[in-house]
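**Q** when you get a sec, could you give me coordinates for this:
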Amino acid sequence: MKLTTTAMVLALMAGAASADPVAYGIDPTHTDVTVTWNHAGFSRQALTFQQFEGTLNIDLEDIAASSADFTIPVASLHTGVEMFDADLKGPNFFDAENFPNLRFVSTSVEQTGEMTASVTGDLTIKDVTKPATFEVTVHNIGEHPVGQFFEAYSGNWIGFTASAEIIRSEWGVAAFIPVGSDAITIEINSEAREGGFSF
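**A** Residues are numbered from 1 along each chain as shown. From the prediction side, this is the model:
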């Protein structure tokens, strides 16, 4: 499966095209993970995870050969309300003491548009691993303009948004349904650098 024209031109301009997958490291300072849900039919509520670790292996000539593996520490969960944070990290919800990480490992990647793809994989929450699909929109591929100011941002980059809707009770997170909706949306916004990222 070939990357379509616009993405390929960007990749070639950046010198990033490769016959084999290339590893990209996540920039934690420009990555956020947000989970949203319906609260009692009155509002849309959200939490964020403050830490995100992972590697993307991207083949710009054959998107189906790409892969993703990322981990989110539950302890980094944040709502802005300390009592609620403690409850979400506790046994009613994520049980961070016994299950400290969320993890997603891709099993297939399908290009769906000029700069979009569906990434399906194994999502592990607590002790449950089930398939989930993230719809991915790539915003840009190529040299990062911040690289002219900071060495850490030199080289080739990819920026993307990935979103998935899951039924939380299927992963054993079923407290207070239906007051808090069973369906939740996970959205990842991230920038990643070819070869890894470090300050």
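
**Q** pLDDT weak spots in the chain?
**A** Counting by pLDDT under 70, the ranges of the chain that qualify are 1-19.

**Q** which parts of it are strands?
**A** Ranges of strands in the chain, per DSSP state E, are 22-26, 32-39, 43-49, 53-58, 67-73, 77-78, 101-113, 116-125, 128-143, 156-167, 180-194.

**Q** pipe these into CSV and attach distance to Phe150 and mean neighbour count per row.
**A** (Each C-beta comes from the backbone N, C-alpha and C, glycine too.) Below are the strands of the chain laid out as CSV (distance: least, Cβ to Cβ, whole Å; neighbours: other Cβ atoms under 10 Å):
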stretch, distance to Phe150, mean neighbour count
strand 22-26, 16, 20
strand 32-39, 20, 17
strand 43-49, 25, 15
strand 53-58, 21, 18
strand 67-73, 24, 19
strand 77-78, 26, 19
strand 101-113, 29, 16
strand 116-125, 29, 19
strand 128-143, 13, 17
strand 156-167, 12, 19
strand 180-194, 12, 19
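
**Q** among the ones you listed, which comes closest to Ala86?
**A** strand 77-78 (9.7 Å; Cβ to Cβ).

**Q** each with direction, which strands does the closest one pair with?
**A** Paired strands of strand 77-78, with direction, are strand 43-49 (antiparallel) (DSSP bridges).

**Q** so which residues make contact with the partner strand?
**A** Residues from elsewhere that reach strand 43-49, judged by Cβ atoms under 8 Å, 6 or more residues apart in numbering: 32-39, 72-74, 76-79, 88, 102, 180.

**Q** how close does the spatially most distant residue from the centre of the chain get to Ala152?
**A** Here the chain reaches farthest from its C-alpha mean at Phe42, the gap being 27.5 Å by Cα atoms, centre = their mean. The gap separating Phe42 from Ala152 is 43 Å, by Cβ to Cβ, to the nearest Å.

**Q** can you check Glu61 too?
**A** Glu61 is 27 Å from Ala152, by Cβ to Cβ.

**Q** before we move on, what about Ala64?
**A** In terms of Cβ to Cβ, Ala64 sits 31 Å off from Ala152.

**Q** comparing those two, which residue is more hemmed in?
**A** Here Ala64 and Ala152 are set side by side on neighbour count (other Cβ atoms under 10 Å), and the busier one is Ala152, at 15 against 12.
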